[in-house]
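Peer 1: sequence? don't have it. structure:
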């Protein structure tokens, strides 16, 4: 009578084991599915960045630029306008598909890349209606040509250097403004009475000195007539040109070159760190093997829990 009573708890205690095994197996499958989805997205991103795909996009951008240029000729627009518009829409559809694939591959990381956001905005502007108050957006279709900057590495490096140089250029520009303002005040007081057309007011003096700074007709057009009245005026203009043109404008070039070198060094370090990381294929294989290892381990644990006690002792009895 005691044996049936002891068998009942044994059955009830072992009953939830298959359910737990199935839930663990389902969790392993979900983890493997997530790994497979991540691998698929990485492969899609690698395919988009492949040289043939990038070269095809560059060719489409150049064709699109030629189409936008041909539309400015009335004769070509009247004869081939429909074909040009159809080809323009087809190329736009390819760009939209490319942006959609990049969104699928990178998801929210897409918007953390400034160049990706730039491409998104340029393509998005082309999708807006070009009628009524938005008719001006039709002229902005030419911005699609600027996607060459984000696709060509050398152009992207130059643009990145210019953007990085903005703080330094702002400081140099501020110094030029100060020098131009001080020089304009001095020139107005010195030459304004005899030459009111050039130095009559502060604004006219600033414009004339800006022309002198660019070295546009500064000698025969401005300085020599002034020297006939003020022989020592050459001292003012020589010092002004040395400071504003040969010093400050060259500082612009120095800041841009320094920023471009820094941008090139950052890209070199980034490429060096990417080369040290494992290849995408190695990461895919590693993730898949890890997911399979987890699934096999959980299935083995589930089988061990579900194996009856007699099955565990049976090989021992047979060996005896």
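Peer 2: Received the coordinates, thanks. Here the structure is a predicted model, which means the values were calculated and not measured.

Peer 1: Count the residues that sit near residue 302.
Peer 2: 19 (other C-beta atoms under 10 Å). Where C-beta positions appear, they are placed from N, C-alpha and C, glycine not excepted.

Peer 1: ugh, wrong one, residue 197
Peer 2: 7.

Peer 1: do the same with residue 256
Peer 2: Neighbourhood size, residue 256 [other C-beta under 10 Å]: 19.

Peer 1: for residue 205, same thing?
Peer 2: Neighbours of residue 205 (other C-beta under 10 Å): 25.

Peer 1: show me what contacts the closest residue to it other than its chain neighbours?
Peer 2: Nearest residue to residue 205, sequence neighbours excluded (C-beta to C-beta, 6 or more residues apart in numbering): residue 184, at 4.0 Å. Going by C-beta atoms under 8 Å, 6 or more residues apart in numbering, residue 184 touches 202, 205, 206, 209.

Peer 1: Surely the first one touches residue 186?
Peer 2: Okay, so that is residue 202. No - judged on C-beta atoms under 8 Å, residue 202 makes no contact with residue 186 at a distance of 10.8 Å.

Peer 1: re earlier: the residue nearest to residue 205: which element?
Peer 2: Assessed by DSSP states H and E, residue 184 sits inside helix 166-191.

Peer 1: Okay, buried residues for that helix please.
Peer 2: Using 16 or more other C-beta atoms under 10 Å as the test for burial, helix 166-191 gives 168, 169, 172, 176, 179, 180, 183, 184, 187, 188, 190, 191.

Peer 1: which one of the contacts of residue 184 is nearest residue 125?
Peer 2: Of all the contacts of residue 184, residue 125 sits closest to residue 206, with 36.9 Å by C-beta to C-beta.

Peer 1: do you know how far that closest one is from residue 186?
Peer 2: Plainly put, residue 206 is 11 Å away from residue 186 if you go by C-beta to C-beta, to the nearest Å.

Peer 1: Check residue 172 too.
Peer 2: Residue 172 is 21 Å from residue 186, by C-beta to C-beta.

Peer 1: what does residue 39 give?
Peer 2: On the measure of C-beta to C-beta, residue 39 and residue 186 end up 70 Å apart.

Peer 1: now swap in residue 157 and tell me
Peer 2: 42 Å.

Peer 1: before we move on, what about residue 265?
Peer 2: 43 Å.

Peer 1: What of residue 207?
Peer 2: Distance from residue 207 to residue 186, by C-beta to C-beta: 15 Å.

Peer 1: got it, and residue 114?
Peer 2: 44 Å.

Peer 1: Residue 102 against residue 116, yeah?
Peer 2: Yes - counting by C-beta under 8 Å, residue 102 does reach residue 116; the two are 6.6 Å apart.

Peer 1: which residues do those two both contact?
Peer 2: residue 110.

Peer 1: Now do the strands for this protein: every range, in order, please.
Peer 2: With DSSP state E, there are no strands along the chain.

Peer 1: pull the helix or strand with minimum mean pLDDT from this protein.
Peer 2: helix 2-14 (a mean of 45; mean pLDDT, DSSP states H and E).

Peer 1: returning to that earlier point: ok, the buried residues of helix 166-191 vs residue 62, which is closest?
Peer 2: residue 169 (30.5 Å).

Peer 1: which residues does the closest one contact?
Peer 2: Contacts of residue 169 by C-beta under 8 Å, 6+ apart are 252, 255, 256.

Peer 1: Look up how far residue 154 lies from it.
Peer 2: 21 Å.

Peer 1: again with residue 258
Peer 2: Counting by C-beta to C-beta, the gap from residue 258 to residue 154 is 18 Å.

Peer 1: So for those two, which residue has more residues nearby?
Peer 2: residue 258 (14 against 8).

Peer 1: now that one: how far from residue 265?
Peer 2: 11 Å.

Peer 1: what do you get for residue 160?
Peer 2: For residue 160, the distance to residue 265 - C-beta to C-beta - is 12 Å.

Peer 1: The two: which has the busier surroundings?
Peer 2: residue 160 (20 against 10).

Peer 1: Identify the residue nearest the spatially most central residue of the chain in space, chain neighbours excluded?
Peer 2: The centre of the chain sits closest to residue 115, judged by C-alpha atoms, centre = their mean, with a distance of 1.6 Å. Spatial nearest neighbour of residue 115, excluding adjacent residues (C-beta to C-beta, 6+ apart): residue 150 at 4.2 Å.
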